[in-house]
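>>> Sequence and predicted structure are below.
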Amino acid sequence: MRDLSAELLAWYDVHAREMPWRVGPSDRKAGVLPDPYAVWMSEIMLQQTTVAAVRDYHRKFLALWPTVGDLAAADDADVMAAWAGLGYYARARNLLKCARAVVAEHDGVFPDSYEQLLKLPGIGPYTAAAVSAIAFDRPETVVDGNVERVMARLHDIHAPLPGSKGELTTKAQALTPQSRPGDYAQAVMDLGATICTPRNPACGICPWRDPCAARLAGTAAELPKKTPKKKTPTRFGIVYVARRTDGAWLLETRPEKGLLGGMLGWPGSEWGDEPEENPPYEADWQPLNAEARHTFTHFHLRLKIMVDYADIDATPLRGTFLTPDVFSPTALPTAMRKVFDLAHMTLRDN
DNA sequence: AATTCGGGGGC
DNA sequence: GCCCCAGAATT
């Protein structure tokens, strides 16, 4: 019986991807383990997000808040502003909750077990296994999109996701070695990211090409099967962009729950088929020629933009005028940033 | 089991 | 345009 994990680790020793927060295989063999805080930070940011998109944010967060204690003591608004643009903002809210829980409940030290990690905010089955394996070298099994794809192909499993997740997890667990589990977890994911890719898998140079059932059957490129998803509808909305004579912009912090929760945004209507007009204060609002278009996970959004120059003593019913010393457009989520970029062309500096 | 959460890159 | 991405929380 061949040792598949050992063969993959041999491949990983040569082909491990470079990541700023990663301790490579040679250092790990010398007994070096990464900072659990940096590993946890990377895994939260990497949820449904590419390495390329994460790199600069990870560097910025570690520079602003070098330890979990620093992050736990940070202001919520500063963390949300730093996360702006990365998406899935519940991750940022849970990031803070988790940091504060680690300080309050674990004396500022990340727990090393899957069960303890799983209890923390924002840490689910994947991230608990990843932190436990990568940061503490415990033999936990990571199951992300890469592992699902690799297992579906290795075992030629045609049952569609997400229903087949349990079966794929069982297959992945059976392969997880007791030796070098941290390297192995990263090796399977690297394999999926660089060789066993969604389209055009490079089976010819895959370390698992011989034992791969899908390669033998010629079905690798069509796996994993997924249940079909329905198409995304379009919603419409109106936003009101006001600029005061001193340069301040009228903004509001969105509710904690829901889309773009906890982020800054422009006051406006609900988003639906026919948005109602509800300006934040009475004025001669002027429509902008262009509309802001943005696509979220499950719908397209088109925002009609109304603009107004506000008097210095304007008293809005909703939102707060933020002066340039406390507001930067970089703190806006991308949809709201698109509105800013369009409105700013009209509401220029005086 | 389904839905709700962002945003960008590849094709 | 559609698919994917080191998924989690909620319903």
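Noted; the coordinates are in hand. Residues are numbered from 1 along each chain as shown, chains lettered A, B, ... in the order given.
>>> Phi and psi next, for A:Leu71.
phi -70, psi -40 (degrees, to the nearest 10).
>>> nope, A:Thr295 is what I was after
Torsion angles, degrees, to the nearest 10, at A:Thr295: phi -110, psi 120.
>>> residues from chain A in reach of DNA strand B?
Counting by C-beta under 7 Å from any atom of the strand, chain A comes close to DNA strand B at A:48-50, A:52-53, A:84-90, A:162-163, A:199, A:227, A:258-261, A:294-298, A:333-335. All C-beta atoms are positioned from the backbone trio N, CA, C, and that covers glycine.
>>> Please narrow the residues you listed to those residing in strands.
A:His294, A:Thr295 (DSSP state E).
>>> Next one: A:Tyr240 from A:Cys196, what distance?
49 Å (C-beta to C-beta, to the nearest Å).
>>> which ones are touching A:Gln48?
Shown in contact with A:Gln48 (C-beta atoms under 8 Å, 6 or more residues apart in numbering): A:Tyr88.
>>> and chain A, which of its residues are near DNA strand C?
So far as C-beta under 7 Å from any atom of the strand goes, chain A lies against DNA strand C at A:17, A:19, A:22, A:42-43, A:46-51, A:88, A:90, A:94, A:121-128, A:130, A:144-146, A:149, A:186, A:189-190, A:192-193, A:198, A:226, A:229, A:231-232, A:297.
>>> Are any of the residues you listed buried, and if so which?
A:19, A:22, A:42-43, A:46, A:51, A:94, A:122-123, A:125-128, A:130, A:144, A:146, A:149, A:186, A:189-190, A:192-193 (16 or more other C-beta atoms under 10 Å).
>>> got the contact list for the one residue in chain A that gets nearest to DNA strand C?
Closest approach between chain A and DNA strand C, counting by C-beta to the nearest atom of the strand: A:Gly124, at 2.4 Å. Taking C-beta under 8 Å, 6+ apart as the criterion, A:Gly124 is in contact with A:Leu118.
>>> Tell me the spacing between it and DNA strand B.
11 Å (C-beta to the nearest atom of the strand, to the nearest Å).
>>> Show me where chain A has its helices.
A:4-15, A:25-29, A:36-45, A:51-64, A:68-72, A:76-83, A:90-106, A:114-118, A:125-136, A:145-154, A:165-175, A:181-194, A:213-217, A:334-346 (DSSP state H).
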